[in-house]
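Q: Here you go, sequence then predicted model.
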Amino acid sequence: MVRRSGEATRQEIRAAAARLFRERGFARTSVRDIAAQAVTNPALVIRHFGTKELLFLDTMQFTIDDEPLLDVPLERFGERFVEVLLSDDDIRGVYLALVRGSNEAQIRARLQAVHERTFVEPVRARLEGPDADVRARIAAALVGGLLYALWVVEDEGLVKADRGELIAHYGALLQQALAGPTGPTSHRPTAAPPR
């Protein structure tokens, strides 16, 4: 058997852990499972990463490419944002792993940071006005709800829906959230005529 360097062993552990955490989640992945996949000793997993939770946090990084979001006019931003999120399978794996492990305090904190950095900030950066933060958070909540319905509960109707149609419908909802209650695309209920 060829002996690997410390860095090579570390990378093998990271790759095995990332794969198992995405497939099984945090709770159903053991240090022994990771070591077996990396063809190493469980003690080396702990030596290199400290704890399973720290290894999880090291390997479950959630990012999106902001570039496609900056190139579209604001009136098309909602649709483009949904399209970008749904086009990356890596996002799905990491999102599910974070949600499944969110009963652990550090993992929940990472999920909160991901929500802020990935869902709220790119949207807020495109908005103006005193209620920009609230509108960005509402839009982020809509996106989070879509990902939950698609990837956590696997809503059959949404999973089987035409992808382009889903992007168009959800993009329109996001545009409403971005516009706010007095925006040009909002549908404010009108008051009943006086009697």
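A: Great, that's in hand. Numbering: from 1, shown residues only.

Q: I figured Gly101 hits Phe56, correct?
A: Yes: if you go by Cβ atoms under 8 Å, Gly101 and Phe56 touch, sitting 6.3 Å apart. Using the backbone N, CA and C atoms, a C-beta is placed for each residue, glycine as well.

Q: Touching both of those two, which residues are there?
A: Common neighbours of Gly101 and Phe56 (criterion: Cβ atoms under 8 Å, 6 or more residues apart in numbering): Phe21, Phe26, Ile107.

Q: is it true that the last one touches Thr59?
A: In this case it means Ile107. No: the pair Ile107 / Thr59 is not scored as a contact, 11.7 Å apart, by Cβ under 8 Å.

Q: what about stretch 163-176, distance to the chain center?
A: 18 Å (Cα atoms, centre = their mean, to the nearest Å).

Q: hmm, I was thinking of stretch 151-161
A: That offset, for stretch 151-161, works out to 16 Å (Cα atoms, centre = their mean).

Q: Next up, phi/psi of Val153, please.
A: Main-chain torsions, Val153, degrees, to the nearest 10: phi -90, psi -10.

Q: which residues sit in contact with it?
A: By Cβ under 8 Å, 6+ apart, Val153 has no neighbours at all.

Q: Point out where this protein drops to low pLDDT.
A: 1-4, 65-70, 183-195 (pLDDT under 70).

Q: and with 80 instead?
A: 1-5, 62-71, 88-90, 182-195 (pLDDT under 80).

Q: How is it divided into domains?
A: Listed by automatic domain parsing, the domain ranges of the chain are 6-59, 67-179.

Q: neighbouring contacts of the top helix by length along the chain?
A: Longest helix in the chain, counting residues (DSSP state H): helix 6-24. Helix 6-24 has contacts (Cβ under 8 Å, 6+ apart) with 4, 29, 33-35, 37-40, 44-45, 48-49, 55-56, 58-60, 93-94, 96-97, 101.

Q: most centrally placed residue in this structure?
A: Central residue of the chain (Cα atoms, centre = their mean): Tyr95, 4.3 Å from the mean position.

Q: Could you pull up the residues touching that one?
A: Phe62, Val114, Leu147, Trp151.

Q: host element of Gly93?
A: Using DSSP states H and E, Gly93 sits in helix 89-100.

Q: chain center to that helix, what's the gap?
A: Going by Cα atoms, centre = their mean, where helix 89-100 is centred and where its chain is centred differ by 6 Å.

Q: try stretch 13-22
A: For stretch 13-22, the distance to the chain centre is 18 Å (Cα atoms, centre = their mean).

Q: What's the local residue count around Gly180?
A: 17 (other Cβ atoms under 10 Å).

Q: My guess is it contacts Glu128. True?
A: No: Gly180 sits out of contact with Glu128 when judged by Cβ under 8 Å, with a separation of 10.8 Å.

Q: what residues are shared contacts of those two?
A: Counting by Cβ under 8 Å, 6+ apart, nothing touches both Gly180 and Glu128.
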